[in-house]
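Trainee: quick one, structure for this:
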Amino acid sequence: MSDAGVSDAAGPGAAAPAGLTALPGPGDLVVAAGAGITGLPVIRFLAARRCTVLVTSDRPPPAALAEIEGDVSFAGDLTAPPHGTSLVVMSAGIAPHRPLPAAATAAGVPVVGEVELAWLVDQQDPRGARPWLAVTGTNGKTSTVEMLAAILRAAGLQATACGNVGWPLLEAVLADGPAGSDRPRQDVIAVELSSFQLHYGPSIRPRAGVVLNLAEDHLEWHGDLTSYAAAKAVALTGEIAVAVVDDAGAAALLAAAPAGRRIPVTAGDPGASGVGVRSTLGTAEVVDTALGGGTLFRVADLGASGPHQLTNAMAAATLARAVRVPAAPIAAALAAYRPGAHRAQWVFELDGVRFLDDSKATNPHAAAASLSALDAVVWIAGGQLKGASVDDLVQAVRERLVGVVLLGVDAEVIEQALRRHAPDVPRIVVSRTDDGAMGEVLDAAWAMARPAGGAPAAAVTVALAPAAASLDMFTSYGARGDAFTAAVRALADRPSRSGAGELGPVQGGSTLPGTQS
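Mentor: Numbers count the residues shown, from 1 in each chain. Next comes the predicted model:
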């Protein structure tokens, strides 16, 4: 590159790429892999720096690509960088073993992601770099970063959740408008980071970063759990490392973190230097003994129920304390917080059977949290397992299962685990993948939820907790959850439906206690 370089220090894990020490500039040939939500901001940024940008994708170029001014061209689906390439910027979804990044690495061409560019842009800002507060983990990232952003705003800071949720990270870093504009400059970068993004962003050193939990996920991308954990561990390489130590995997990463300060978060007592729960005169309170915050909020005042939401809230509060947010805005923001859609939400009760939408449970760890909070459940599962095993999940919840309905590309993998560990549990595999699939799934689940003779089964919940991603059949987990709710409505509207009762929202709270969002 004309003014770019590569540092000698690689991120955690043998396969982690080296980080950038300078940004690409005029005349540099840069391959941008991907032209989606995060790819287009990257391409605009590179074009504005007068790079020659070669865009590669296995999909047709979006119309927005033609609107970008500068030396930008579309090259189709490249398997190797052209001669003279200075840098490859990868879409986070493309695994490092795929042809293009593998070929670039073999040729000595730096391979990074949007996160790495955003980090260096912020570090080189003449007004000074802003504090980054990073959230990662197998589950709970979105809830936690949304809580964090709400706390920061309650404290009078400009902060918007970005990264793997909401605003693309590079756009958040580049935003320079006044408060109240549609692109206000951020005072703090509150960022959710996936393992993919962390792998391609090895240089980031946040003011504080948290790992919420660690369980098998995305193994088809990383290759094994060790590499997946190494990517997550990048979030703990800054000034302050935080982890929910009630989770063994997160606790192990905290113990090995190189950060100058390591702060455990626990649903138990915080000890001398942590964040946890203490009871005073019968009132459970979250207490910060690590960063001098004292009592942060009362557990009973938290706007989202369940132990995992409590540790999410404590993690968010700890990150906020890293930028000296006082207790009052922390308590106010967390009291007002409500979980987003499709995160262990009760949606309906129909003839005594409850229906739960936890479409956000896209891995076995998240599904286990929902199912373990139920006494008797018809489990709707399936989709893309991403290399994760479901054996431990099935063994943990088999005594609760009234029946199982499976769909999606990895339905057979879950069905085999049920054969091994819960052979007596009734199960049905729905093979269709069209728009009517969820209706067939609900027909099967409804039949399982009601015993012979048509009387409602006692305290049975039909739970969509797929333990898998949705993109084999749906555009998103949200679309999958919407299809589930629509199918329940259709079931209730049928004249032939047996039994009495009315369709309506389940009373007494929107979120299942004990679940992870």
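Trainee: and the protein, what are its domains?
Mentor: Following automatic domain parsing, one finds the domains of the chain at 6-118, 130-336, 345-493.
Trainee: export those as CSV, with columns for mean pLDDT, distance to residue 124 and mean neighbour count.
Mentor: (C-beta placed from N, C-alpha, C; glycine too.) CSV is the format used below for the domains of the chain (pLDDT from 0 to 100; distance: least, Cβ to Cβ, whole Å; neighbours: other Cβ atoms under 10 Å):
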stretch, mean pLDDT, distance to residue 124, mean neighbour count
domain 6-118, 89, 7, 18
domain 130-336, 94, 11, 21
domain 345-493, 89, 35, 20
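Trainee: and residue 102, what does it touch?
Mentor: residue 96 (Cβ atoms under 8 Å, 6 or more residues apart in numbering).
Trainee: ok, now how distant is it from residue 109?
Mentor: 11 Å (Cβ to Cβ, to the nearest Å).
Trainee: then residue 420?
Mentor: 45 Å.
Trainee: same thing with residue 235?
Mentor: Residue 235 is 26 Å from residue 109, by Cβ to Cβ.
Trainee: then residue 181?
Mentor: 38 Å.
Trainee: again with residue 42
Mentor: Noted for residue 42: a distance of 16 Å to residue 109, by Cβ to Cβ.
Trainee: for residue 437, same thing?
Mentor: 43 Å.
Trainee: so the residue lying closest to residue 319 once chain neighbours are set aside bridges to which residues?
Mentor: Nearest non-adjacent residue to residue 319, counting by Cβ to Cβ, 6 or more residues apart in numbering: residue 133, 4.3 Å away. Beta-bridge partners recorded for residue 133 (DSSP bridges): residue 190, residue 208.
Trainee: check the protein for its longest helix and report it.
Mentor: Longest helix in the chain, counting residues (DSSP state H): helix 477-493.
Trainee: export it as CSV, just CAs?
Mentor: The C-alpha coordinates for helix 477-493 follow below in CSV (Å, rounded to 0.1, in the frame of the first residue of the first chain):
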residue,chain,number,x,y,z
TYR,A,477,-35.1,-15.2,12.7
GLY,A,478,-37.6,-12.4,12.9
ALA,A,479,-39.4,-13.7,9.8
ARG,A,480,-39.4,-17.2,11.3
GLY,A,481,-41.0,-15.9,14.5
ASP,A,482,-43.6,-13.9,12.5
ALA,A,483,-44.5,-17.0,10.6
PHE,A,484,-44.9,-18.9,13.8
THR,A,485,-47.3,-16.2,15.2
ALA,A,486,-49.2,-16.1,12.0
ALA,A,487,-49.6,-19.9,12.0
VAL,A,488,-51.0,-19.8,15.6
ARG,A,489,-53.5,-17.1,14.5
ALA,A,490,-54.6,-19.3,11.6
LEU,A,491,-54.9,-22.3,13.9
ALA,A,492,-57.2,-20.3,16.2
ASP,A,493,-59.3,-19.0,13.4
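Trainee: distance from the chain centre to that helix, please.
Mentor: 23 Å (Cα atoms, centre = their mean, to the nearest Å).
Trainee: name the residues that touch it?
Mentor: 341-342, 347-348, 350, 355, 357, 359-360, 362, 380, 383, 435, 438-439, 441-443, 446, 464, 466, 469-470, 473-474, 497, 503.
Trainee: which ones among the residues you listed map onto strands?
Mentor: The strands, defined by DSSP state E, take in 347, 348, 350, 355, 357, 380, 464 from the contacts of helix 477-493.
Trainee: in this structure the fourth one contacts residue 347, no?
Mentor: Yes. In this structure, residue 355 sits in contact with residue 347. The criterion is Cβ atoms under 8 Å, and the distance is 5.1 Å.
Trainee: please report how far the residue most central in space within the chain lies from residue 152.
Mentor: Of all residues in the chain, the one closest to the mean position by Cα atoms, centre = their mean is residue 141, 4.8 Å from it. Distance, residue 141 to residue 152, using Cβ to Cβ: 16 Å.
Trainee: likewise for residue 247?
Mentor: 25 Å.
Trainee: check contacts around the residue nearest to residue 61 when sequence neighbours are not counted.
Mentor: Residue nearest to residue 61 in three dimensions, not counting chain neighbours: residue 74, with 4.4 Å by Cβ to Cβ, 6+ apart. Contacts for residue 74 (Cβ under 8 Å, 6+ apart) come out as 35, 55, 56, 57, 61, 65.
Trainee: and what of residue 314?
Mentor: Applying Cβ under 8 Å, 6+ apart to residue 314 gives the contacts 244, 265, 267, 275, 276, 286, 296.
Trainee: doesn't residue 267 make contact with the fourth one?
Mentor: Right, residue 275. No. The pair residue 275 / residue 267 is not scored as a contact, 10.3 Å apart, by Cβ under 8 Å.
Trainee: what's stretch 331-341 in contact with?
Mentor: Taking Cβ under 8 Å, 6+ apart as the rule, stretch 331-341 contacts 142-143, 146-147, 150-151, 153-154, 296-298, 301-304, 309, 313, 316-317, 345, 357, 360, 478, 481, 510-511, 517.
Trainee: and if we set it to 6 Å?
Mentor: Residues outside stretch 331-341 that contact it (Cβ atoms under 6 Å, 6 or more residues apart in numbering) are 147, 150, 151, 154, 297, 301, 302, 303, 304, 313, 511, 517.
Trainee: what's the closest of those residues to residue 388?
Mentor: residue 517 (18.7 Å; Cβ to Cβ).
Trainee: in a helix, residue 148, correct?
Mentor: Yes. Residue 148 forms part of a helix when assessed by DSSP: H, G, I helix; E, B strand; the rest coil.
Trainee: which SSE is the closest residue to it other than its chain neighbours in?
Mentor: Leaving aside its sequence neighbours, residue 148 sits nearest to residue 316 (Cβ to Cβ, 6+ apart; 4.1 Å). Element membership for residue 316, per DSSP states H and E: helix 307-321.
Trainee: could you pull out the strands for the stretch 101-250 of the chain?
Mentor: For the stretch 101-250 of the chain, the strands defined by DSSP state E, counting those that start in this stretch occupy 111-113, 132-136, 162-163, 189-192, 208-211, 240-244.
Trainee: next, residue 431: secondary structure please.
Mentor: Under three-state DSSP, residue 431 falls in the coil class.
Trainee: now do the contacts for it.
Mentor: Contacts for residue 431 (Cβ under 6 Å, 6+ apart) come out as none.
Trainee: any idea how far it lies from residue 345?
Mentor: 28 Å.
Trainee: got it, and residue 226?
Mentor: Note on residue 226: its distance to residue 345, by Cβ to Cβ, is 34 Å.
Trainee: kindly report the same for residue 160.
Mentor: Distance from residue 160 to residue 345, by Cβ to Cβ: 24 Å.
Trainee: ok, residue 154 next?
Mentor: 25 Å.
Trainee: please apply the same query to residue 487.
Mentor: Here residue 487 is placed at a distance of 15 Å from residue 345 (Cβ to Cβ).
Trainee: if we can go back for a sec, ok, now which ones touch the residue nearest to residue 319?
Mentor: Per Cβ under 6 Å, 6+ apart, neighbours of residue 133: 190, 208, 319.
Trainee: how about a cut-off of 8 Å?
Mentor: 148, 188-191, 206-209, 319-320, 322-323.
Trainee: correct me, but residue 244 touches residue 253?
Mentor: No. At 10.5 Å, residue 244 and residue 253 do not qualify as touching, with contact defined as Cβ under 8 Å.
Trainee: list the contacts of residue 444.
Mentor: Listed by Cβ under 8 Å, 6+ apart, the contact set of residue 444 reads 405, 428, 430.
Trainee: got JSON lines for those residues, with distance to residue 24 too?
Mentor: Below are the contacts of residue 444 laid out as JSON lines (distance: Cβ to Cβ, whole Å):
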{"residue": "405", "distance to residue 24": "50"}
{"residue": "428", "distance to residue 24": "54"}
{"residue": "430", "distance to residue 24": "49"}
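Trainee: helices of the stretch 251-400 of the chain, start to end?
Mentor: Here the stretch 251-400 of the chain has its helices, by DSSP state H, counting those that start in this stretch, at 307-321, 327-336, 364-372, 391-397.
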